[in-house]
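**Q** Kindly generate the corresponding structure for this input.
(2 chains)
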Amino acid sequence: MSPKLSNRPPKHANANFWRTEKAMLWTITKKQLLVNLLSYRFVVGFVLCQVLFVLATVILVRDYEERVKAHGEAVSRESKKLDEVKVYSDLARGMSVYKPPARLSPICMGFDKTFGNQAAFAYSRAPELEVGRQEKNALLVALRSLDLVTVIQLVLGLLVLLFAHDAVSGERERGTLALSMSGPLPRHIFLLGQYLGGMLTISAVFLVGIFFALLVMIRSASVQLGGSDWLRLGLIILVSLVYLSALYLLGVVTSILSKRSATALVILLFFWIVFIVIFPNLTSAVASKIKPVPARGLVAQQTANLRREFWTGIDQNARKTLPRPAHKWEFIAGRYVYGGDLPYPIRLGYAPREIMEWELEGLQRFLPLEIEYANRMHEVQAGYERQLHEQAATARFLARISPAWSYFNAVSGLAGTDAEAYTTFLAKARNYRLQVLNYLSSKDGLVSYRYFTRLEPSRFRTTAELELLQKQGDRLKQEMGKDWDSVPPLDLRDLPTFDHAPAPVATAVAGVLPDVVLLVFLNLALFLAAHVCFLRTDVRAGG
Amino acid sequence: MIEAKNLSKRYEDGVLALDALNLKVEPGEIYSLLGANGAGKTTTINLFLDFIEPTAGQALINDIDVTKHPLEAKKYVAYVSENVMLYASFTARQNLDFFARLAGKCDLKKEDHYRVMREVGLPEKAFDQRVKEFSKGMRQKLGIAIAMIKDAPALFLDEPTSGLDPKAAAEFCETLIDLRKRGKAILMSTHDIFRAKDLADRIGIMKEGRKVMERTREELTYENLEHLYLDYMRGGIGAEPQGVSA
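**A** Residues are numbered from 1 along each chain as shown, chains lettered A, B, ... in the order given. Here you go, the predicted model:
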């Protein structure tokens, strides 16, 4: 007979308690990791994910290189245009600023390509949201591109569910759960071990994939990641793990509640299709119903009406109150205007004093009016954009029901490819337009002769004076000067420069905090649910 | 070591699976529960393993109430099911090591694993073979090896020889006899009257959740167990009062 044992735990038992639980936890974790690593689904999933990670990165890095090149060319074109500015109207009539491609767009493309990278503006036009010709609100859903985040969201998400669906039900079906639980193994330790083992497996697939993707990225000369980019990347990896963990826990809860692994798998596949694939479109549709926006054509019509009203107005006004003075065409050179009869000049190389004064009067009357109309058109457009944003915000709020879209919101925010990044760029461009207009005012280059001519008013001559010069042979030609090609460009070195840097990491983190908190909370809630369900579950095979 | 005191279990659907069972298994003793399907044999074992909670009564292991202190009680328990199912992709040794570690045996060496597998009669070549290639007999042997390596004083065996060929069953019984010699208290449920008679020190016949008869090995020298069993199953003999033992 074996010696009688006490029914009270020995004194040293409590001291050994944590050590024993830790040892058990590590045993379960190691076992689950090994079970997963030895499975076919791991081999297939691992290979598939690595191929997709590398393929997606290669494609998107190439795309990024092309976009960086196109951006460089556009910026240099714009700079060249500035070198050819002869009068201030050249500047006022049209400028463009460009948003550089987000350096982490090969990781998460988000909205980086949805709106283009250019914001064009003029004194008469504020930069507008480039929503394209489509009626659909482009802010609603980022077009799916095969980037790393899509691979994580869809493919790795599916793999996680495949690993998690039998984390408990599979053990129960095999009978290994009953055998494990027949010993002094606390249920929470088993559950935690299964979770950690599963997450280590998923993390291995994910981190190896990210490693290969980064290798591909840093081999490209165009991708130059700075310190803040690495920090963002670290946060993206962390958020990705939180997302994958939420999915794994969802799988575990389903696995606990399902009597059979096959049932759990069917439920989880249904979840994957509905919440990860279909859901964003569904939320867009719901948001469109809750927060409808007027048809884009209607807005375009309103702005077109305002434009027409302005031009009709100034045409009638000019005809009635500003008839062109009598003149001789041979005394006018290098004249570019909006309409032949309108005193609304763009460039004027040379003209008699009467014409110069007539053009200036028109300019003084019409240019402020056009700016006013531009502001009115912008108000119409801004109102429309506000509605688009409200609709998109509603859709994003609803989409948070799906962890996949909370994850997308968080990662695109960290990568600087969310819709917010574009609207920030647009706001900066709008602000820059005002800076340029202020600059023009400060140079007396907006409603003055300097707007359209390089001729100093002291050199203006009347038609009568010019007729006299005409009689003196070459004197008129000398007086009228050179053509525009030979006029030197304006010195614009003090023109404010446009600088669009991505939002600082702290701002990006603050922006994505609600989504990250939601994912963390989901993890905690699911782990708690798994724990509660597992405490009540029957561990016997067929139980 | 193993004791049931008025142990009862009524399931949520109202079925009384176990009705005031009393039994005691001392160290170095094999107690065999005989009975038809649904008699309450497996329910009894499940109650001792804390897989289900009793409606009334107590299941005690080493005087520890399983319901009140399940983890403490299960430190003294090893279990072999009717159909030992292990991690198919693991080798026999990996399975053995895993379950031994769960029982707190973390410092065992490869030689210790091999020794136990030899003791239960597993062929050497199977030690590092994946379990998915094992026959049912080999799995049962590995199951008993797992129970042995835990070195637990109380063993619960649920139909352990079910589906085994006669040779494998005989080998299995030899192992049980060896475990009895080592002072283990063994509670075994079985359908096999002859195996029970050969092995058990005491036999309890279960019918419809009640222990209707209990006999010691000595008592059975003068009685025919098969006839007794069949009579009880046919309902020809009234149930003995509970708690009666030889």
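
**Q** How about the helix or strand hosting A:Val436, which residues are buried there?
**A** If you go by DSSP states H and E, A:Val436 is part of helix A:419-442. Within helix A:419-442, the residues that qualify as buried by neighbour count (16 or more other Cβ atoms under 10 Å in any protein chain shown) are A:419-426, A:428-430, A:432-433, A:436-437, A:439-440. Glycine gets a C-beta too; all of them are placed from N, C-alpha and C.

**Q** same question, stretch B:72-87
**A** B:72-82, B:84-87.

**Q** Out of those residues, just show me the ones up against chain A, please.
**A** The overlap between the buried residues of stretch B:72-87 and the neighbours of chain A (Cβ under 8 Å from any Cβ of the partner chain) comes to B:72, B:74-79, B:81, B:84-87.

**Q** Put together a markdown table for the residues you listed, with secondary structure and pLDDT on each row.
**A** Below are these laid out as a markdown table (DSSP: H, G, I helix; E, B strand; the rest coil; pLDDT from 0 to 100):
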| residue | secondary structure | pLDDT |
| --- | --- | --- |
| B:Glu72 | helix | 91 |
| B:Lys74 | helix | 91 |
| B:Lys75 | helix | 91 |
| B:Tyr76 | helix | 92 |
| B:Val77 | strand | 92 |
| B:Ala78 | strand | 92 |
| B:Tyr79 | strand | 92 |
| B:Ser81 | coil | 88 |
| B:Val84 | coil | 86 |
| B:Met85 | coil | 86 |
| B:Leu86 | coil | 92 |
| B:Tyr87 | coil | 93 |
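
**Q** Closest to B:Leu60 out of those residues?
**A** B:Tyr76 (10.6 Å; Cβ to Cβ).

**Q** Can you verify my assumption that the closest one contacts B:Leu155?
**A** No. Under the criterion of Cβ atoms under 8 Å, B:Tyr76 makes no contact with B:Leu155, lying 10.0 Å away.

**Q** Based on its surroundings, how many neighbours for residue 150?
**A** No chain specified, so I'll use chain A. Using other Cβ atoms under 10 Å in any protein chain shown, A:Thr150 has 20 neighbouring residues.

**Q** hmm, I had chain B in mind actually
**A** For B:Lys150, which is what you asked about, the neighbour count (other Cβ under 10 Å) is 23.

**Q** Can you tell me how far it is from B:Leu142?
**A** Distance check for B:Lys150 against B:Leu142: by Cβ to Cβ, to the nearest Å, it reads 13 Å.

**Q** just A:Phe46 next, same as before
**A** Separation of A:Phe46 from B:Leu142 (Cβ to Cβ) stands at 30 Å.

**Q** likewise B:Arg210?
**A** Applying Cβ to Cβ, the value for B:Arg210 to B:Leu142 is 35 Å.

**Q** These two: who's more crowded?
**A** A side-by-side neighbour count of B:Arg210 and B:Leu142, using other Cβ under 10 Å, places B:Leu142 first with 26 against 20.

**Q** Quick check: phi and psi on that one?
**A** B:Leu142 adopts backbone torsions of phi -70, psi -40, taken as degrees, to the nearest 10.

**Q** what does the worst-scoring helix or strand of chain A on mean pLDDT contact?
**A** Ranked by mean pLDDT, DSSP states H and E, the helix or strand of chain A with the weakest confidence is helix A:475-480, at a mean of 75. Helix A:475-480 is contacted by residues A:331, A:333, A:349-350, A:461, A:466, A:469-470 when judged by Cβ atoms under 8 Å, 6 or more residues apart in numbering or on different chains.

**Q** list the contacts for the spatially most central residue of chain B?
**A** When Cα atoms, centre = their mean is applied to chain B, the residue found nearest the centroid is B:Leu157 (1.9 Å). Applying Cβ under 8 Å, 6+ apart, one finds that B:Leu157 lies in contact with B:79-80, B:176, B:186-189.

**Q** My reading is that B:Gln155 is in a strand; is that accurate?
**A** Wrong residue type there; residue B:155 is Leu, not Gln. Yes. Following the definition DSSP: H, G, I helix; E, B strand; the rest coil, B:Leu155 is counted among the residues of a strand.

**Q** residues in contact with it?
**A** B:Leu155 makes contact with B:77-80, B:147, B:179, B:184-188, according to Cβ under 8 Å, 6+ apart.

**Q** separation between A:Gln50 and B:Pro153?
**A** For A:Gln50 relative to B:Pro153 (Cβ to Cβ), the value is 50 Å.

**Q** just to revisit the earlier point, could you tell me which of the contacts of helix A:475-480 are located in helices?
**A** Using DSSP state H to define helices, the subset of the contacts of helix A:475-480 located there is A:466, A:469-470.

**Q** Which one of the residues you listed is nearest to chain B?
**A** Nearest to chain B among those, counting by Cβ to the nearest Cβ, is A:Leu466 at 100.4 Å.

**Q** Which residue, other than its chain neighbours, is closest to that closest one?
**A** Taking Cβ to Cβ, 6 or more residues apart in numbering or on different chains as the measure, A:Leu466 lies nearest to A:Phe331, with 4.9 Å between them; neighbours along the chain are not counted.

**Q** how many neighbours does that neighbour have?
**A** Counted with other Cβ under 10 Å, residues neighbouring A:Phe331 total 22.

**Q** roughly how far apart are it and chain B?
**A** Taking Cβ to the nearest Cβ, to the nearest Å as the measure, A:Phe331 falls 97 Å from chain B.

**Q** pLDDT value on the closest residue to A:His327 other than its chain neighbours, please?
**A** The spatially closest residue to A:His327, leaving aside those adjacent along the chain, is A:Ile355, at 5.4 Å (Cβ to Cβ, 6+ apart). According to the prediction, A:Ile355 has pLDDT 89.

**Q** wait, A:Ile355 sits on A:Pro325?
**A** Yes. Proximity of A:Ile355 to A:Pro325 meets the contact threshold set by Cβ under 8 Å, at 6.4 Å.

**Q** Settle it for me: which of the two has more neighbours?
**A** Neighbours were tallied for A:Ile355 and for A:Pro325 using other Cβ under 10 Å; the higher tally belongs to A:Ile355 (23 against 13).

**Q** what inclination does the strand or helix carrying that one have with respect to helix A:419-442?
**A** Secondary-structure assignment from DSSP H and E places A:Ile355 in helix A:353-399. Going by axes from the mean of the first three to the mean of the last three Cα atoms, to 10 degrees, helix A:353-399 is angled at 160 degrees with respect to helix A:419-442.

**Q** Now find how far off-centre the very next helix or strand once past helix A:353-399 is within its chain.
**A** Moving toward the C-terminus from helix A:353-399, the next helix or strand (DSSP H and E) is helix A:403-415. Taking Cα atoms, centre = their mean, to the nearest Å, the mean C-alpha location of helix A:403-415 is offset from the chain mean by 11 Å.

**Q** tell me, how many neighbours does B:Glu218 end up with?
**A** B:Glu218 - counted by other Cβ under 10 Å - has 10 other residues nearby.

**Q** What's the separation between it and B:Lys167?
**A** Here the distance between B:Glu218 and B:Lys167 works out to 29 Å (Cβ to Cβ).

**Q** go on, B:Leu142?
**A** Taking Cβ to Cβ as the criterion, B:Leu142 is separated from B:Lys167 by 16 Å.

**Q** same check, this time on A:Thr254
**A** With distances taken as Cβ to Cβ, A:Thr254 is found 44 Å from B:Lys167.
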